[in-house]
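Student: pasting the sequence and the predicted coordinates here, then a few questions.
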Amino acid sequence: MSPKPSVLFVCVHNAGRSQMAAAYLTSLSNGAIEVRSAGSAPAGSVNPAVVAVLKEDGIDIAAEVPKVLTVEAVQASDVVITMGCGDACPIFPGKRYEDWKLEDPAGQGPDSVRPIRDEIRGRIEQLIAELLPTS
């Protein structure tokens, strides 16, 4: 793994789960981890309920836009975390892959998205402890 680890979060639309995970990893690692997110079939915009519940936790992703998954993004990442995108994510040797089983916030309001947000935050805190053991 490179001196500054890099993580790619991938979900189908890059509008909910992967955006929340990327936002928490960026915020909680204080820039010590390079963070990317993408979707196998990106939506036109980030889920407004996701934007709202992250703002409740002090994170503003209103300016984020869903991005398409590229082979280059996977190759440039040490860790690839998928969230419901199935086989759409290419596999390369030497990468660490994880598949997080998380409910999809698509079409749900803030009350339903908050538990997903909280689960993602907990997983991100664990991931940071694994990638930056001295922090």
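Tutor: Received, thanks.

Student: list of residues touching stretch 18-30?
Tutor: With contact meaning Cβ atoms under 8 Å, 6 or more residues apart in numbering, stretch 18-30 is reached by 7, 9-11, 33, 35-39, 46-47, 50, 54, 58-59, 61, 64, 66, 81, 83, 100, 105, 116-117, 120-121, 123-125, 127-128, 131-132, 135. Yep, even glycine has a C-beta here, placed from its N, CA and C like the rest.

Student: could you turn the buried ones of these into a ChimeraX selection?
Tutor: Buried members of the contacts of stretch 18-30, defined by 16 or more other Cβ atoms under 10 Å, are picked up in ChimeraX with:
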select :7,9,10,11,33,35,36,37,38,39,46,47,50,54,59,61,64,66,81,83,100,105,116,117,120,121,123,124,127,128,131
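
Student: can you pick out the ones from the contacts of stretch 18-30 that are in strands?
Tutor: Of those, the ones assigned to strands by DSSP state E are 7, 9-11, 35-39, 81, 83.

Student: wait, doesn't Q108 sit right on P48?
Tutor: No. With contact defined as Cβ atoms under 8 Å, Q108 does not count as touching P48 (10.9 Å).

Student: who has more neighbours, these two?
Tutor: Q108 (16 against 13; other Cβ atoms under 10 Å).

Student: check contacts around the more buried one.
Tutor: By Cβ under 8 Å, 6+ apart, the residues touching Q108 are A49.

Student: and it, what helix or strand is that in?
Tutor: Using DSSP states H and E, Q108 sits within no helix or strand.

Student: what's the local residue count around V53?
Tutor: Other residues within reach of V53, judged by other Cβ under 10 Å, total 23.

Student: and what of A49?
Tutor: Residues near A49, counting by other Cβ under 10 Å, number 21.

Student: contacting residues for A38?
Tutor: Contacts of A38 (Cβ under 8 Å, 6+ apart): 8-10, 14, 18, 67-70, 73.
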